[in-house]
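> Only the shape, not the letters, is given here:
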């Protein structure tokens with residue numbers, strides 16, 4: 001049996017999280033485009049509506065990442081997607097208080 005030793009790098013998790021946030025942003029923009037004309041709708045309407053849709057979607061993404069990051073395992077590579085504690089704290093503060 002081969003035992004693969006994996007480095008506990010946070011870089012793949014950050015890349016995957018950023019791709020998920022970008023995907024959520026694109027989906028929210030497509031939803032806004034479907035319901036509102038983007039060129040004629042003033043920005044003071046679009047920005048709050050964008051964040052009203054984007055922030056709850058980000059919370060849905062953040063819950064499993066937070067659970068995986070807090071898992072008590074011997075190997076950090078078996079956690080899946082995980083982020084450092086400080087990044088999670090800042091992310092929760094932004095999504096909750098904004």
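Here it is on my side, so go on. Here the structure is a predicted model, which is why all the values come from computation and not from measurement.
> which helix is the longest one in this protein?
The residue-count maximum for a helix in the chain (DSSP state H) belongs to helix 43-69.
> tell me the pLDDT at the closest residue to residue 65 other than its chain neighbours?
The shortest distance from residue 65 to any non-neighbouring residue, by Cβ to Cβ, 6 or more residues apart in numbering, is to residue 81 (5.4 Å). (Glycine included, C-beta is placed from N, CA and C.) pLDDT, residue 81: 79.
> what separates residue 81 from residue 41, distance-wise?
Look at residue 81 and residue 41: by Cβ to Cβ, to the nearest Å, they are 35 Å apart.
> Which neighbouring elements make contact with the longest helix of the chain?
Helix 43-69 is packed against helix 11-35, helix 85-97, with contacts defined by 3 or more Cβ pairs under 8 Å, 6 or more residues apart in numbering; DSSP states H and E.
> before we move on, back to that, same drill for residue 81 and residue 41, tell me which one is more crowded.
With neighbours defined as other Cβ atoms under 10 Å, residue 81 and residue 41 compare such that residue 81 has more, 17 against 13.
> for that one, what are its contacts?
By Cβ atoms under 8 Å, 6 or more residues apart in numbering, the contact set of residue 81 is 13, 16, 17, 64, 65, 68.
> can I get these in TSV with neighbour count and distance to residue 37?
Below are the contacts of residue 81 laid out as TSV (neighbours: other Cβ atoms under 10 Å; distance: Cβ to Cβ, whole Å):
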residue	neighbour count	distance to residue 37
13	20	38
16	13	34
17	20	32
64	11	35
65	21	35
68	16	40
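> Redo those as JSON lines? Include distance to residue 90 and pLDDT.
Converted to JSON lines, the contacts of residue 81 look like this (distance: Cβ to Cβ, whole Å; pLDDT from 0 to 100):
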{"residue": "13", "distance to residue 90": "15", "pLDDT": "84"}
{"residue": "16", "distance to residue 90": "18", "pLDDT": "89"}
{"residue": "17", "distance to residue 90": "13", "pLDDT": "90"}
{"residue": "64", "distance to residue 90": "18", "pLDDT": "88"}
{"residue": "65", "distance to residue 90": "13", "pLDDT": "88"}
{"residue": "68", "distance to residue 90": "17", "pLDDT": "84"}
